[in-house]
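>>> sequence and computational prediction follow.
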Amino acid sequence: MLAVALGLYAALLIVPILCLVVIEDVHPTIAPIVDQVLGADSLNDPAGLAVLLILIALMLPAATLAVRLVGRRRAGTLLSVTGRLRWRLVGRAAAITTVVLSVFTGVILLMEPPTKAIPAQDLGWLVTKVILVLLIVPWQAAAEEVVFRGLLLQTVGSWLRHPAWAILLPLPLFVVGHDYDGYGMAGVAVFAAVAGYLTWRTGGLEAAIGLHVVNNVGAFILALLTGADLDATSVDPLAAALSIAYTLITAVLILGSRRNERHPVASDRERSAGSVWSDERADAFFVCEGGAKTETSARSE
């Protein structure tokens with residue numbers, strides 16, 4: 001299934017490029033625009049920002065199509081034990097992340113106030129970039145969760161029984177996809193481990209998606225408003241430490257917000273009984289609530 005997902009992703013990348021090349025040949029007058037899109041490689045440029053985010057977001061249809069075609073099961077089985085997205089959990093995780101991120105952002109700005117003023121002539125581009133972030137980043141973040149904490153976690157979980165393998169083995173792939181220095185990579189690694197743990201504990205991707213979407217949107221907008229270089233790869237050690245602390249605190253609060261629910265994952269699984277989880281082709285989700293471990297596993301394709 002992973003090979004099929006990779007092949008579909010390659011196709012989703014190649015087909016639009018071929019279409020743009022054909023359009024350039026048919027309509028030479030728009031060749032400069034096509035060249036700008038095809039040559040986009042900087043997040044500081046609106047075209048580059050849009051293209052690079054969309055390239056990541058295309059992993060989402062690739063993964064879901066692979067599950068449908070090869071796994072012969074609903075794409076919703078990548079999302080949770082219910083076979084669908086539990087929007088209440090997404091909203092709760094997003095709200096908690098917004099509050100914690102706002103506090104940490106305020107602390108960072110107090111410690112190091114921005115020194116660059118955005119020129120008036122650049123305000124139009126700033127608004128354009130903010131709109132692009134709000135429109136595309138949620139899909140980009142969700143795509144990464146579906147692939148790394150959905151498809152890969154379930155695949156590894158169906159091969160190896162202990163959930164630590166499912167959480168940790170896909171982690172290096174996620175980390176190397178982010179071009180940062182050692183401090184930045186450490187922050188990304190902690191984020192990936194926390195997202196995987198949230199997926200295991202809650203029985204789905206919703207908490208990780210809420211965390212990831214708000215984190216990325218907030219980081220992009222903060223960088224845009226402070227005039228930071230979006231292509232920067234070096235991360236200050238203190239900023240990395242604050243990022244790790246923020247991620248861990250947010251995860252604790254998200255999990256704590258579900259403690260007032262009586263066996264929330266078990267209830268979700270009961271509501272989905274006879275549908276998704278009666279399908280033996282569904283991959284593994286490992287769930288631990290209240291210290292009692294249960295496993296829902298089945299054959300992997």
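Looks like it arrived, so ask away.
>>> low-confidence ranges, the protein, go.
Along the chain, segments meeting pLDDT under 70 span 31, 33-38, 115-121, 260-301.
>>> can you show me the strands along it?
Here the chain has its strands, by DSSP state E, at 285-289, 292-296.
>>> what about residue 148, neighbour count?
Other residues near residue 148 number 24, with proximity taken as other Cβ atoms under 10 Å. (Each C-beta comes from the backbone N, C-alpha and C, glycine too.)
>>> test my guess that it contacts residue 170.
Yes: using Cβ atoms under 8 Å, residue 148 is in contact with residue 170, at 5.1 Å.
>>> now for those two: what residues contact both?
192, 196 (Cβ atoms under 8 Å, 6 or more residues apart in numbering).
>>> can you give me the helices for the stretch 51-200 of the chain?
59-69, 87-111, 123-144, 152-159, 163-168, 171-176, 182-202 (DSSP state H, counting those that start in this stretch).
>>> list the buried residues of the third one.
Counting neighbours by 16 or more other Cβ atoms under 10 Å, one finds that the buried residues in helix 123-144 are 129, 132, 133, 136, 137, 138, 139, 140, 141, 142, 143, 144.
>>> and it with helix 59-69, angle?
Helix 123-144 and helix 59-69 meet at an angle of 30 degrees, taking axes from the mean of the first three to the mean of the last three Cα atoms, to 10 degrees as the criterion.
>>> list the contacts of helix 123-144.
46, 49-50, 53-54, 56-60, 63, 118, 174, 209, 212-213, 215-217, 220-221, 224-225.
>>> of those, which qualify as buried by neighbour count?
Buried among the contacts of helix 123-144 by 16+ other Cβ under 10 Å: 46, 49-50, 53-54, 56-60, 63, 174, 209, 212-213, 215-217, 220-221, 224.
>>> ends of stretch 139-158, what's the gap?
One end of stretch 139-158 sits 27 Å from the other (Cα to Cα, to the nearest Å).
>>> which non-adjacent residue is nearest residue 94?
The shortest distance from residue 94 to any non-neighbouring residue, by Cβ to Cβ, 6 or more residues apart in numbering, is to residue 210 (3.9 Å).
>>> wait, what's in contact with that neighbour?
Per Cβ under 8 Å, 6+ apart, neighbours of residue 210: 89, 90, 91, 92, 93, 94, 95, 96, 97, 254.
>>> could you do residue 30 as well?
23, 24.
>>> rewinding a little: tell me which of the buried residues of helix 123-144 is nearest to residue 19?
Relative to residue 19, the closest of the buried residues of helix 123-144 is residue 136; by Cβ to Cβ it sits at 19.2 Å.
>>> any idea how far that closest one is from residue 57?
Separation of residue 136 from residue 57 (Cβ to Cβ, to the nearest Å): 6 Å.
>>> same question, residue 40
Counting by Cβ to Cβ, the gap from residue 40 to residue 57 is 15 Å.
>>> buried sites along stretch 251-262?
251, 254, 255, 258.
>>> can you redo the residues you listed as JSON lines with distance to residue 102?
JSON lines is the format used below for those (distance: Cβ to Cβ, whole Å):
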{"residue": "251", "distance to residue 102": "17"}
{"residue": "254", "distance to residue 102": "16"}
{"residue": "255", "distance to residue 102": "20"}
{"residue": "258", "distance to residue 102": "22"}
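>>> can you tell me which of those are in helices?
251, 254, 255 (DSSP state H).
>>> closest one of these to residue 244?
Within those, proximity to residue 244 (Cβ to Cβ) peaks at residue 251, which comes in at 11.0 Å.
>>> residues in contact with residue 185?
175, 178.
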